[in-house]
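In: how would this look folded up:
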Amino acid sequence: MPNDLELQISTLRKSRWVNLSGLVDCATKRLSKPTCQSIQLLGKGSYNTVYKLVFADGTEIAASVSAHDDEDFNPQAKLSEIATMKFVRASGSYPGIQVPEVHAWDVTFSNPAGAPYVLMDVVHGRKFDNLTNDDNKLRGLDGMSEVQQLAVTKALAKLQATLSAPVPFDKIGSITFNDEGSFNIGPLFTITQQNLGGPYKSLIDLWRARLEHEILYALREWSRLETEQLSRSLSEPKCTPQNFSELIQLLSSLIPHFVPSSSCLPLVLYHPDLALRNIFFDPIDDTKIVGLIDWGGAQILPFMLTAKFPDDLNSTGEDPFERPEIPDEGWNAVPHDWTSFGDTSKWPNVFRGPNDQVDLTIRASAMIKRYYLRQHFGVCFAQENHDRYGDYNLGRAMLFAHAPYYLKFHEIITGGWTSLVDHAEWIRETYWRLNAVKQDARSPALIVGPNVYRSSMEKSVFDLNIFEKPFSEDVQDEEEEEVMHE
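Out: Numbering: from 1, shown residues only. Down below sits the predicted model:
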């Protein structure tokens, strides 16, 4: 290996178990290439670190190395990511979506690189995620002019509409290879490589299987508890067996009501990390996307459950600060709507340093702009869906307006028991509101509602548990005190 290449390797960031000299050797042999002349860091994310290798014949290869250690890495999930990339390139259903060609891979830790890797083409283009506005210090989409924001948002909507093409599969899950090397649907993998089981014939099958999984977890983990608290660490929300049981029953009763209408059930391909950091634009045309990467966690889902906005359009209730009068429900799939400043005299004072107060109106204004850009995204998505597929269905035209409650429900059920507890108030409030308006309903109806619940309805039930709560809380406090003294 040339001395200058060894010097380059010595300066690069990597996981401690990764051998970059071994990675170069793997790429050279697997691709039958001449000497590697240079290696440089292309990017580092939560799940992968990517290096660019340049060989003596001028070939450029992107080597994506898993950031997971051998305990957290799921080889089947990585194979699904590779299969998805190959499917998008081979299917012909996604014109205009440029996905790098995968040349070789190894999903073990026993290779000379010391970690799973994927060798693929380098994608060239312009990135907007690190664009910085010198006037207001905002970055990415927030740092663009309003005209450029509209153009880029429209391009993102067209990209997502292109991904909404019908797929030749009839099950919910993730794309994988069968024994013959053809594309097949296997288990449902998340972006964190979690295996949610499957494949599933329907949403009801998926949701009921996930609730059964939580009961199975309870049987295995909670059958020898010494206290009434299910949480075992500070990172887990407090919950009693009785509360867990209530939430499981409520969610189960809601499942039939959250199955979308037939027009929003066709299966399509879902990219879980659609964001400017993973998208390449034409060097001179802001409306033309020339590359899309990071397909880990891609899924085949019903149309309704793919209606998530690109990450750059999302907003949370804590950014730039939390407003007590508009609670943050803490969703991953649904943005928290900022639509006005409210009373700025009640805003917190934030300082970067002595006498250097942060102007929160800049960030708050950016969040409000994101709200209107989301409306633009929904309109452009519907227009592209009509123009591309001749779709006149009014329900699908309103997809991004109608999807939030279905996305919330799906997020809770697939998020594990802690997600049930984190969103307990939403589950209860949704149940009682639906109970009030749909008692005699015999057929499914569209479910919509406020961005966040700011009030609770009066429930038509006499809850005699209220007389037990003080006792339970006293016992819980005593148990916590005993643990502290120990």
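In: neighbours around the closest residue to residue 410 other than its chain neighbours, how many?
Out: If you skip the residues right next to it in sequence, residue 410 has residue 305 as its closest partner in space, 5.5 Å away by CB to CB, 6 or more residues apart in numbering. To be clear about C-beta, it is placed using only N, CA and C from the backbone, and glycine gets the same treatment. Here the number of neighbours of residue 305 (other CB atoms under 10 Å) works out to 25.
In: May I ask you to confirm that residue 305 is in contact with residue 405?
Out: No. Between residue 305 and residue 405 there is no contact under CB atoms under 8 Å: 11.6 Å.
In: Now do the strands in the protein.
Out: Counting by DSSP state E, residue ranges of the strands within the chain are 36-44, 48-55, 60-66, 102-106, 117-121, 174-177, 183-186, 267-270, 279-281, 289-292, 299-302, 351-353, 356-357.
In: want to throw these into a markdown table with mean neighbour count, mean pLDDT and distance to residue 372?
Out: Supplementary listing: the strands of the chain in a markdown table, determined by neighbours: other CB atoms under 10 Å; pLDDT from 0 to 100; distance: least, CB to CB, whole Å:
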| stretch | mean neighbour count | mean pLDDT | distance to residue 372 |
| --- | --- | --- | --- |
| strand 36-44 | 16 | 94 | 30 |
| strand 48-55 | 20 | 96 | 34 |
| strand 60-66 | 22 | 97 | 36 |
| strand 102-106 | 17 | 98 | 38 |
| strand 117-121 | 21 | 98 | 37 |
| strand 174-177 | 23 | 97 | 34 |
| strand 183-186 | 20 | 98 | 38 |
| strand 267-270 | 22 | 98 | 25 |
| strand 279-281 | 21 | 96 | 21 |
| strand 289-292 | 20 | 95 | 22 |
| strand 299-302 | 23 | 98 | 27 |
| strand 351-353 | 8 | 87 | 29 |
| strand 356-357 | 9 | 88 | 27 |
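In: Looking at these, which is nearest to residue 90?
Out: strand 183-186 (8.0 Å; CB to CB).
In: list the helices and strands the closest one packs on?
Out: If contacts are counted by 3 or more CB pairs under 8 Å, 6 or more residues apart in numbering; DSSP states H and E, strand 183-186 sits against helix 75-91, strand 174-177.
In: Tell me how far it lies from the chain's centre.
Out: On the basis of CA atoms, centre = their mean, to the nearest Å, strand 183-186 is displaced by 21 Å from the centre of the chain it belongs to.
In: Show me the strands paired with that strand, marking each as parallel or antiparallel.
Out: Looking at strand 183-186 with DSSP bridges, its paired strands and their directions are strand 174-177 (antiparallel).
In: how close does the closest residue in space to residue 28 that isn't next to it in sequence sit to residue 110?
Out: With CB to CB, 6+ apart as the measure, residue 36 is the residue that lies nearest to residue 28, at 5.8 Å, once sequence neighbours are left out. With distances taken as CB to CB, to the nearest Å, residue 36 is found 22 Å from residue 110.
In: repeat for residue 215
Out: Shown here: residue 215 relative to residue 110, a distance of 37 Å by CB to CB.
In: more crowded one of these two?
Out: Set side by side, residue 215 and residue 110 show more neighbours around residue 215, with 13 against 9, by other CB under 10 Å.
In: Return the residues in contact with the residue nearest the centre of the chain.
Out: The centroid of the chain falls nearest to residue 272 when counting by CA atoms, centre = their mean (4.8 Å). By CB atoms under 8 Å, 6 or more residues apart in numbering, the residues touching residue 272 are 190, 191, 296, 297, 298, 299, 308.
In: Now for the residues you listed: which two are most distant?
Out: Put simply, by CB to CB the two of the contacts of residue 272 set farthest apart are 296 and 308, 15.7 Å from each other.
In: Compare these two (neighbour count), which wins?
Out: Of the pair residue 296 and residue 308, residue 296 is the one with more neighbours under other CB under 10 Å, namely 27 against 22.
In: Show me what the mean pLDDT comes to for the longest helix along the chain.
Out: If you go by DSSP state H, the chain has its longest helix at helix 360-389. Per-residue confidence for helix 360-389 averages out to 96 on the pLDDT scale.
In: Packing partners of it?
Out: Based on contacts counted as 3+ CB pairs under 8 Å, 6+ apart, the elements that helix 360-389 packs against are helix 146-163, helix 394-397, helix 399-402.
In: so can I have TSV of these showing distance to residue 10 and mean pLDDT?
Out: Rendered in TSV, the data for the helices and strands packed on helix 360-389 read as follows (distance: least, CB to CB, whole Å; pLDDT from 0 to 100):
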stretch	distance to residue 10	mean pLDDT
helix 146-163	39	97
helix 394-397	54	93
helix 399-402	48	97
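In: Hmm, residue 62 is touching residue 104, no?
Out: No. Using CB under 8 Å, residue 62 is not in contact with residue 104; the gap is 11.9 Å.
In: any shared contact partners between those two?
Out: Common contact partners of residue 62 and residue 104 (CB under 8 Å, 6+ apart): residue 119.
In: coming back round to it: chain center to the longest helix of the chain: distance?
Out: Relative to its chain's centre, helix 360-389 lies at 18 Å (CA atoms, centre = their mean).
In: Adjust the sequence numbering to begin at 2 for everything that follows.
Out: That works, and once the first residue is 2, the last one we named lands at helix 361-390.
In: Let me know the angle separating it from helix 147-164.
Out: For helix 361-390 against helix 147-164, the angle by axes from the mean of the first three to the mean of the last three CA atoms, to 10 degrees is 40 degrees.
In: Show me what counts as buried in helix 361-390.
Out: For helix 361-390, the neighbour count (16 or more other CB atoms under 10 Å) marks 361, 364-368, 370-372, 374-375, 377-383, 385-386 as buried.
In: where does the residue nearest to residue 411 land on pLDDT?
Out: On the pLDDT scale, residue 306 is placed at 98.
In: Residue 444 now?
Out: Residue-level confidence at residue 444 comes out at 63, pLDDT.
In: Same check on residue 471?
Out: With respect to pLDDT, residue 471 has a value of 56.
In: for residue 26, same thing?
Out: The model's pLDDT for residue 26 equals 96.
In: Need the distance between the two termini of stretch 197-212.
Out: Distance between the boundary residues of stretch 197-212 (CA to CA, to the nearest Å) amounts to 11 Å.
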